[in-house]
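Participant: Take this sequence and fold it.
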Amino acid sequence: MPETVDSQTKTSQQPPAPRLRIGFLLAPRFTLSAFANFMDVLRLAADDGDGSRQLRCRWSVLSADMAPVQSSCGLRIEPDERLGDPSRFDYIIVVGGLIDSGAGLSLEQNAFLQRAATAKVHLGGLCTGMFALARLGLMDGYRCCVSWFHHQDFLAEFEKMRPVSDQIFVVDRDRLSCSGGVSAAHLAAFLVDRHLGRAAARKSLSILMIDEPMTGDRPQPGLPLELNARDPLVRRALLSMQQNLHAPLPIARIARDLGVGRRKLERHFNADLGIPPADASIRIRLAQARMLLARTDRTVTRIAEETGFCDASHLIRVFRETEGTTPDLWRQERALDMDGAEPEAAPA
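Facilitator: Reported below is the predicted structural model:
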C-alpha cells in the first residue's frame with residue numbers, strides 16, 4: 001500500500017506538459033538576431049525568473065543530419081534532435097537569412113514541412129523564412145509578412161503573391177510570419193500570450209527591455225522618410241509608397257490595400273501631416289531622386305524611371321517647381337559645393 005502512495009506522489013510531482021511546443025528549422029546562413037529574439041521570449045516565459053527551464057514551453061532545433069548550422073554572422077548552432085514526427089510540435093518555425101546564400105533547406109527538411117502541413121501543424125517563418133514555405137506552395141492562399149528590405153526580392157520570385165511589408169508580423173489562420181529582427185520577439189510574445197497568458201508575455205518582453213507588446217499591424221520601420229508621421233495608418237501608406245517607387249500605386253489602390261476608403265486616408269494624412277497622400281507620394285519620390293542625383297552618375301532619364309515619373313520632362317518640371325532649378329543644375333551645384341568645402345581641421 002505505501003508503494004502505491006509513493007507512486008501517486010511521484011506522479012503528482014511531475015511537471016505538467018508544456019503548453020507551447022515549437023520546433024525550429026534553421027536555413028543555411030540564417031539570421032541569428034531573429035532566432036535569438038524569438039527564442040529569448042520563449043525561454044523567459046517557460047520558467048519562473050530567468051531559469052530557462054523548458055517547463056511551460058518546449059523548443060528544439062531540428063535537423064536531418066545533426067550537423068551544426070552556420071548563421072549569417074558566422075556563429076554555428078548545434079541541433080537538438082532529428083526531424084521525426086512533426087505532430088509532436090504545435091508550431092514549426094523556419095528561420096531564414098541571406099537569400100543569395102545558395103543552398104536552401106534540404107530535401108529532408110522540405111519533406112518534413114510538407115508532412116507538418118498535412119498534419120495541420122502551424123507553420124511560420126522568421127525573416128526570409130517565408131521564402132522557403134512559399135517555394136513549397138505552403139503559403140498559397142495565405143497572407144505573409146516580408147521585410148520591406150526584401151519586398152522586391154519576394155515579388156521577383158513569387159509574382160502572383162502580394163507580400164505584406166507594412167506590418168511587423170502577420171498571423172493568418174495556421175500560418176505565421178514576421179519581418180525579422182525585433183519583430184520576432186513580438187511574434188513570440190503573441191504566441192506566449194495565446195498559450196500561456198498575457199502576464200507571461202509581458203514578463204518576457206520586460207526582461208528584454210522591450211517596453212510593451214506590439215500588435216502585428218504595427219508598421220515596420222522603413223527607409224528614412226522626410227515625412228515624420230505618427231498615425232499608424234499614414235505610416236503604413238507611406239511605406240507602401242516607398243515600396244512602389246518605380247511604379248506608384250494610385251491613392252485609391254493604397255487605401256483599398258489598407259482596408260479603408262480614399263477619403264478616410266486623405267483625412268488621416270491632412271490631420272497628421274497637413275498634406276494629401278498624393279503630395280506625400282511626390283515628396284517621397286523627389287527625395288529618392290535627390291539621393292540618386294547626389295550619390296550616383298545615373299542620367300535624369302534613368303532616375304525618372306526609377307522614381308516613378310512619366311519621363312525625364314515630368315521629373316524636370318516637378319523638380320523645378322520644388323527646388324527652383326533643374327536636376328542637372330542641382331547636381332552640378334551640389335558637386336561645386338562639395339569641391340569647395342573647407343577640409344575639417346586636424347585634431348590638435
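Participant: show me what contacts the residue nearest the centre of the chain?
Facilitator: Central residue of the chain (Cα atoms, centre = their mean): residue 179, 0.9 Å from the mean position. Each residue near residue 179 by Cβ atoms under 8 Å, 6 or more residues apart in numbering is listed here: 127, 145-148, 165, 167-169, 220. To be clear about C-beta, it is placed using only N, CA and C from the backbone, and glycine gets the same treatment.
Participant: Pull out the buried members of those.
Facilitator: With burial judged by 16 or more other Cβ atoms under 10 Å, the buried subset of these is 127, 145-148, 165, 167-169, 220.
Participant: circling back to that earlier point, what separation is there between the residue nearest to the centre of the chain and residue 322?
Facilitator: For residue 179, the distance to residue 322 equals 32 Å [Cβ to Cβ, to the nearest Å].
Participant: what do you get for residue 269?
Facilitator: 18 Å.
Participant: For the stretch 101-250 of the chain, which segments are assigned as helices?
Facilitator: 107-118, 129-135, 151-157, 183-196, 198-207, 232-243 (DSSP state H, counting those that start in this stretch).
Participant: sorry, back to before: now the residue nearest to the centre of the chain: closest residue in space that isn't a chain neighbour?
Facilitator: Nearest non-adjacent residue to residue 179, counting by Cβ to Cβ, 6 or more residues apart in numbering: residue 147, 4.0 Å away.
Participant: likewise residue 32?
Facilitator: Residue 32 sits nearest to residue 71 (Cβ to Cβ, 6+ apart), 4.2 Å away.
Participant: Quickly list what the one you found is bridged to.
Facilitator: residue 30 (DSSP bridges).
Participant: The one 5 residues further on now?
Facilitator: With DSSP bridges as the criterion, the beta-bridge partners of residue 76 are residue 70.
Participant: Spit out the contact partners of it.
Facilitator: Residues counted as contacts of residue 76 (Cβ under 8 Å, 6+ apart) are 68-70.
Participant: Ok, residue 77 next?
Facilitator: So residue 77 contacts 26, 35, 61, 68-69, 71 (Cβ under 8 Å, 6+ apart).
Participant: Nearest to residue 104 among the residues you listed?
Facilitator: Nearest to residue 104 out of the contacts of residue 77 is residue 26 (Cβ to Cβ; 11.5 Å).
Participant: quick one: the closest residue to the closest one other than its chain neighbours from residue 306, how far?
Facilitator: Leaving aside its sequence neighbours, residue 26 sits nearest to residue 69 (Cβ to Cβ, 6+ apart; 4.3 Å). Counting by Cβ to Cβ, the gap from residue 69 to residue 306 is 37 Å.
Participant: out of those two, which sits in the busier spot?
Facilitator: Taking neighbours as other Cβ atoms under 10 Å, residue 69 and residue 306 compare with residue 69 leading, 21 against 16.
Participant: Rounded mean pLDDT for the helix ranked longest in the chain, please.
Facilitator: Longest helix of the chain, by residue count under DSSP state H: helix 277-295. Averaged across helix 277-295, the pLDDT comes to 90.
Participant: Give me the packing partners of it, helices and strands only.
Facilitator: helix 232-243, helix 251-257, helix 262-272, helix 300-306, helix 312-323, helix 327-340 (3 or more Cβ pairs under 8 Å, 6 or more residues apart in numbering; DSSP states H and E).
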